[in-house]
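>>> Here is a sequence together with a model predicted from it:
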Amino acid sequence: MKNYKKYRKTSLCVAISSLLVGFASTKLQAQEAETKEEKKDDYEVIQVVARGFADSLGLALNAKRMSSGSVDTIMAEDIADFPDQNLADSLQRIPGVAISRSNGEGSTITVRGLNSSFTRTHLNGMQTQSIIGGTSTRTFQFNTFASELFNRLEVHKTTNASMDEGSLGATVGLYTARPFDYAEDVFAVNVQGSYSSESGDTSPRTSAVVSWTNDDDTFGAVFSAAYSERSVYSDAPNTGRWEDDVLSTCTACADGDPANQPPAGYWHPRFPRYVFGESDLERTGLTSSFQWIPTDSTQLTLDILYSENNTNTFGPALTPIGLARTGSTGLQQSDWARLDVVDSADTIIVGAIADTDIRSEYVSSQAEGDFNQVTLNLEQEITDDFNMTVLLGKSNSEGYSNYDSLIYEHFSDNDERKNITYADNSATVGWDFTDMLNPVIDYSFDLTNPANWEVSELRNDVTNSEAETRTAKVDFNYFLFDELSIAFGYADELYAMDVYRERRNNPYNIDNACGVSPAVTAADGSVQTYINDTYFVADHAAYVKVRDAGCFPFSDVDGSIRNAEENSASYYVQANFNAELGDMVLRGDAGVRHVKTDLASTGILSGETVTVNHEYSNTLPSVNLALEPNEELVLRASWAKVMSRPGLGNISPAGSITTFGEPKVNSGNPFLAPFKADTIDLTAEWYFAEGALVSIAYFQKDIESFPETITTVRNWQDLGLDDSLLGAQVGDLKDADFEVNRLEDGAGGDLDGIEIQYQQPLTFLPGPEWMKKFGVIANLTFVDSEISYGTDRKGPLTGQADESANFTLYWEDDVFSARISAAYRGEYYSNLGSSDSEKWRTIDPTTNIDISLGYQVSEQLSLNLEAINITKETEIQWMDGRLIDINNGQGMTVQFGVSYKM
């Protein structure tokens with residue numbers, strides 16, 4: 001079936017665009033009518049591969065122009081050469097997209113103010129999830145794969161009936177290379193060194209791709225591989241958050257009278273400290289694709305992907321932990337020793353607390369992630385006007401995290417947990433946050449003397465997570481005539497996730513009976529300096545000695561052990577149309593999708609394993625219209641009902657039941673409804689020159705429900721739980737009312753915004769020819785939202801910045817290319833979990849600037865240099881003007897290397 005690789009000569013751009021956005025209705029997108037006989041014969045083979053940055057922009061712009069809804073596409077610049085070194089970094093160039101970073105690279109995305117929980121990711125057409133470490137979310141980690149393994153990504157900000165449900169924000173499509181993408185056999189290899197300004201290390205990064213097709217162009221195979229190592233270093237002040245607690249005494253107050261101490265409402269850091277971390281990351285990715293055309297009407301594609309990610313982190317810490325303890329063994333035994341500076345916001349900028357517990361903590365952690373996916377795609381032309389596509393796929397992602405910690409503690413004299421007498425028994429911590437970003441922290445005793453510490457706690461926390469997705473889909477497309485086709489199909493999808501967590505955590509249980517003395521000697525660690533702190537800290541050998549003493553068995557963490565299996569069956573029908581209205585063209589689609597979801601959610605409730613079954617259905621209509629008044633202008637209007645399923649942690653029945661006294665239930669809620677919204681998208685796009693665009697879009701989402709934690713009174717029979725959980729009280733309580741504290745379907749809220757986009761090669765510039773080789777890409781997004789988080793609390797969505805912007809200036813000819821890109825993300829809330837708005841957390845605005853240079857030595861050989869985050873931008877988190885944390889683990893990364901292809 002060679003016409004799967006061929007396109008009409010008279011509509012080349014249309015054909016390329018149709019391939020990129022995955023429309024089955026290519027016939028309907030032609031601008032000129034042709035007879036069926038002409039369509040059979042008028043073909044030529046093309047190679048859908050960009051040759052340079054500007055070329056990739058042109059292909060992406062064609063894809064955007066020919067879509068019915070709002071979609072943005074990013075293409076590889078060349079074979080195994082994506083425009084950025086990370087998929088998330090590329091995504092942030094798209095209007096309305098912002099990224100969150102982990103270990104110095106992009107990992108998850110926020111689209112138009114909706115965070116990664118509301119975004120769905122498709123990998124080669126199949127909805128999937130990836131895990132690195134332990135997690136219970138549906139999020140796809142975009143650092144799972146190296147970007148070199150992909151040749152196209154798409155962000156669909158609107159939906160249609162033929163697309164999988166499950167996204168409130170956007171649907172992201174990631175596509176690896178296939179052999180029929182290339183007109184010739186291909187071999188390409190890229191070798192780089194990656195230098196980190198923070199760690200000072202240079203690490204390898206390499207990738208390769210080989211593609212082959214037979215002489216008849218009926219069978220082909222492509223293989224690609226990528227491997228990289230990185231070292232990430234971070235050091236920054238940290239407070240955890242600020243609290244307004246009352247201490248038991250106040251020596252620094254007038255006359256030393258505790259009654260004159262600062263009342264509740266004066267703020268102190270939860271634990272003033274500096275945090276240090278160094279991580280080593282290793283990533284391996286493999287892909288392969290096989291395509292076969294056994295007949296002129298049949299094409300089979302088999303895609304196989306695998307990735308492995310490993311991260312090892314070492315992060316010791318010196319922490320005045322007593323400031324974080326509000327009970328009798330924490331702040332209630334402490335004393336205000338100094339109150340030197342209190343600002344107008346009642347924040348103790350300079351002060352000290354005596355009689356507090358201080359810890360030296362050895363910390364080592366590992367995070368692993370394995371991902372594999374297999375998809376089989378059949379494209380079958382049944383008749384000239386009727387075709388079918390079948391997709392079968394399975395993906396599996398496994399995550400593992402292990403946290404090891406040995407704590408040496410210096411207890412205050414009035415703490416009953418103190419086991420030994422120290423060389424110096426004073427226990428005061430002082431701080432000076434006059435410069436919030438560079439605080440001064442001091443202690444009253446010699447931190448380097450092991451005789452001032454005792455062994456107090458061992459922690460070993462292990463989480464294993466596994467997610468599995470299976471997909472079986474069939475889609476049909478029937479061309480009624482040139483202006484209209486009908487698409488319909490069915491999908492059966494399984495999503496399953498299992499999380500198991502166990503830990504050793506026996507605090508303050510160190511005694512000689514365990515074979516471990518609480519006394520610390522010089523052999524139990526060493527004196528180390530991390531950032532501004534020099535102190536005695538345990539080493540791994542000391543941790544192993546305590547761990548293996550026999551007094552620290554693993555125990556299950558019931559609240560974090562959960563399982564969910566979600567089966568969805570959906571079907572849709574959609575009309576695709578392309579009609580002439582006088583001198584104008586109207587194209588688009590209108591359809592409806594119906595999906596039934598069967599959920600079985602398992603958790604541990606009051607020590608019993610409980611499975612709750614729940615089913616629900618959603619009907620999701622959608623309309624996308626694109627009107628072309630002339631060859632330059634496209635006006636779009638989209639409307640849809642959309643839904644996004646709640647996270648695994650929220651729908652687990654895990655929790656507790658109180659059957660004595662006032663009956664209570666504290667648990668997750670397996671009956672949570674999915675997030676639902678009505679969406680509107682209006683866009684005007686002006687393609688005023690070749691490769692150029694100015695557009696403005698208005699979008700609105702009326703979110704019907706947003707879960708909120710509330711306390712209600714519910715009858716036991718309405719909770720969907722088995723009577724056996726009531727034990728001996730079942731007779732009295734099975735029809736009783738319970739006080740229920742759990743997430744419930746909330747009131748929802750509204751979100752709207754505006755996107756402005758400009759793109760143009762600057763060929764019109766005056767002067768010499770080289771001036772005409774510049775180009776610009778720029779976009780600006782404004783978003784506003786108000787969500788109900790409870791009966792008396794409203795606020796914006798977490799992760800939603802009011803403004804975000806991107807700007808890229810590039811220059812390119814056949815030999816040399818250069819570009820500089822800036823990505824701006826405005827201030828946003830990272831946490832609104834408290835009803836006290838003073839405790840809401842914000843992240844400062846950030847601007848990340850990257851530079852890329854390329855030099856084509858010959859047709860086969862090129863040199864490349866990328867400098868990422870050249871200003872060493874950091875993310876700074878605040879709580880009402882008070883420092884919480886600085887994320888500076890990224891620093892600047894410089895990657896330099898050579899690429900060879902033939």
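Structure received.

>>> Under the pLDDT cut-off, which ranges of this protein? List them.
For the chain, the stretches with pLDDT under 70 are 1-51, 78, 80, 83, 136, 254-265, 506-513, 790-791, 889.

>>> Roughly how far does the closest residue in space to Phe688 that isn't next to it in sequence sit from Leu780?
Leaving aside its chain neighbours, Phe688 sits nearest to Glu632 (5.8 Å; criterion: C-beta to C-beta, 6 or more residues apart in numbering). For glycine as for every other residue, the C-beta is placed from the backbone atoms N, C-alpha and C. Per C-beta to C-beta, to the nearest Å, Glu632 is found 22 Å from Leu780.

>>> So those two - more neighbours on which side?
Neighbour count, other C-beta atoms under 10 Å: between Glu632 and Leu780, Leu780 has more, with 18 against 12.

>>> can I get the CA coordinates of whichever strand or helix holds that one in CSV?
Secondary structure from DSSP states H and E places Leu780 in strand 774-790. Extracted as CSV, the C-alpha positions of strand 774-790 are listed here (Å, rounded to 0.1, in the frame of the first residue of the first chain):
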residue,chain,number,x,y,z
PHE,A,774,17.4,36.0,11.1
GLY,A,775,14.1,34.8,12.4
VAL,A,776,11.9,35.4,15.5
ILE,A,777,9.4,33.3,17.5
ALA,A,778,7.6,34.9,20.4
ASN,A,779,4.5,34.3,22.4
LEU,A,780,2.7,35.7,25.5
THR,A,781,0.0,34.0,27.6
PHE,A,782,-2.2,35.5,30.3
VAL,A,783,-4.3,33.2,32.5
ASP,A,784,-6.7,33.9,35.4
SER,A,785,-8.5,31.4,37.5
GLU,A,786,-10.6,31.2,40.6
ILE,A,787,-11.3,27.8,42.1
SER,A,788,-13.3,26.9,45.2
TYR,A,789,-11.1,25.0,47.7
GLY,A,790,-13.8,24.9,50.4
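
>>> which residue is nearest the middle of the chain?
Nearest to the mean C-alpha position of the chain, by C-alpha atoms, centre = their mean, lies Thr108 at 2.0 Å.

>>> Against Ser568, how distant is the closest residue to that one other than its chain neighbours?
Leaving aside its chain neighbours, Thr108 sits nearest to Ser116 (3.9 Å; criterion: C-beta to C-beta, 6+ apart). Computed as C-beta to C-beta, the Ser116 to Ser568 distance reads 20 Å.

>>> now whichever strand in the chain runs longest, how far from the centre of its chain.
Identified as the longest strand of the chain according to DSSP state E is strand 454-481. On the basis of C-alpha atoms, centre = their mean, to the nearest Å, strand 454-481 sits 13 Å off its chain's mean C-alpha point.

>>> what's the answer for stretch 234-243, then?
With C-alpha atoms, centre = their mean as the basis, stretch 234-243 stands 23 Å off its chain's centre.

>>> Could you check it and say which residues are buried?
234-243 (16 or more other C-beta atoms under 10 Å).

>>> cool, stretch 682-697 as well?
Buried residues in stretch 682-697, counted by 16+ other C-beta under 10 Å: 683, 685, 687, 691-693, 695, 697.

>>> closest to Ser167 among those?
Ser167 has its nearest neighbour among the buried residues of stretch 682-697 in Ala697, at 17.4 Å by C-beta to C-beta.

>>> Sort out which residues of stretch 609-621 are buried, please.
Neighbour counts over stretch 609-621 (16+ other C-beta under 10 Å) mark 610, 612, 614, 618, 620 as buried.

>>> give the contact list for the second one.
Taking C-beta atoms under 8 Å, 6 or more residues apart in numbering as the contact definition, Val612 lies against 600-602, 653, 670-671, 720-721.
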